[in-house]
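Trainee: Kindly generate the corresponding structure for this input.
(2 chains)
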Amino acid sequence: EPEVTQTPSHQVTQMGQEVILRCVPISNHLYFYWYRQILGQKVEFLVSFYNNEISEKSEIFDDQFSVERPDGSNFTLKIRSTKLEDSAMYFCASSERQGATDTQYFGPGTRLTVL
Amino acid sequence: AQSVSQHNHHVILSEAASLELGCNYSYGGTVNLFWYVQYPGQHLQLLLKYFSGDPLVKGIKGFEAEFIKSKFSFNLRKPSVQWSDTAEYFCAVNHKAAGNKLTFGGGTRVLVKP
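Mentor: The predicted model follows:
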């Protein structure tokens, strides 16, 4: 069964550094998402992406965040200047169609630790 | 804004016991409801989902959930759990007006003792 993959599984960085989290969505999916889960808190929506542009973003997704689909397979989340509070598990997801009823398939997550 | 509450943070039970996990949401309109499961070291997987029709939804691995609109609830059940059901379970909601984004509950960690 096709799966969403994410790399790296764990990223450790110093505060103020830039990080890029990578995701390979399921190949025939067209809609992509990033969520994050700070330790002990809920999974939170960050951003959705379709047709090379952001469809929707949350208030968390401020100017330090950006997303990109640099080629036909990867979907990346960049955090320009990391803060301690960015430490979290970041999940990528993809869905075949747009529609609130369509299933989002999640990757295993990248654990980001900002020191 | 919509929100989702899961009443139990941790549940411990023995094999063959019945499981029921509570989920309540706050949104007055039409919603779509999901239960995801995350087994240790694995990614979030969809257990089941409800969009419309029969409010009793059957999912994978013997799980089912019942949508009770009047109670804004979507509780997950399994009549007889196995050790392999040890996982974290997440209820999630979205609705058309809010696009595709899922709003998650806080999750319930379930430990099934052999």
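Trainee: ok, residues contacting the helix or strand where A:Thr76 lies?
Mentor: Following DSSP states H and E, one finds A:Thr76 within strand A:75-79. By CB atoms under 8 Å, 6 or more residues apart in numbering or on different chains, the residues outside strand A:75-79 that reach it are A:18-25, A:32, A:34, A:46-47, A:49, A:64-70, A:86, A:90, A:92, A:94, A:112. C-beta: built from backbone N, CA, C; applies to glycine.
Trainee: Kindly identify which of those residues also come near chain B.
Mentor: The subset of the contacts of strand A:75-79 lying close to chain B, counting by CB under 8 Å from any CB of the partner chain, is empty.
Trainee: among those residues, which ones are buried?
Mentor: Neighbour counting with 16 or more other CB atoms under 10 Å in any protein chain shown marks A:19, A:21-25, A:32, A:34, A:46-47, A:49, A:65, A:67, A:69, A:86, A:90, A:92, A:94, A:112 as buried within the contacts of strand A:75-79.
Trainee: Can you tell me which of these end up in strands?
Mentor: A:19, A:21-24, A:32, A:34, A:46-47, A:49, A:65, A:67, A:90, A:92, A:94, A:112 (DSSP state E).
Trainee: Now the two most distant members of those.
Mentor: Greatest spatial distance among these (CB to CB): A:Val19 and A:Ser94, at 20.8 Å.
Trainee: Up against chain A, what does chain B have?
Mentor: B:4, B:32, B:34, B:36, B:42-46, B:49, B:51, B:90, B:92, B:94-96, B:98-107.
Trainee: Looking at those, which are in strands?
Mentor: Those of these mapping onto strands are B:4, B:32, B:34, B:36, B:44-46, B:49, B:90, B:92, B:94, B:103-104, per DSSP E.
Trainee: Let's have those residues in CSV, adding neighbour count, distance to B:Glu64 and pLDDT.
Mentor: As requested, those are exported to CSV (neighbours: other CB atoms under 10 Å in any protein chain shown; distance: CB to CB, whole Å; pLDDT from 0 to 100):
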residue, neighbour count, distance to B:Glu64, pLDDT
B:Val4, 24, 19, 95
B:Asn32, 19, 17, 90
B:Phe34, 28, 14, 95
B:Tyr36, 25, 15, 96
B:Leu44, 27, 19, 91
B:Gln45, 16, 16, 93
B:Leu46, 16, 14, 93
B:Lys49, 18, 12, 94
B:Phe90, 26, 17, 97
B:Ala92, 26, 17, 95
B:Asn94, 23, 21, 88
B:Thr103, 22, 22, 93
B:Phe104, 22, 20, 96
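Trainee: And the closest residue to B:Gly62 other than its chain neighbours, its phi and psi?
Mentor: Once flanking residues are discounted, B:Gly62 sits nearest to B:Lys78: 5.5 Å by CB to CB, 6 or more residues apart in numbering or on different chains. Backbone geometry at B:Lys78, expressed as degrees, to the nearest 10, gives phi -150, psi 130.
Trainee: Fine by me, thanks again.
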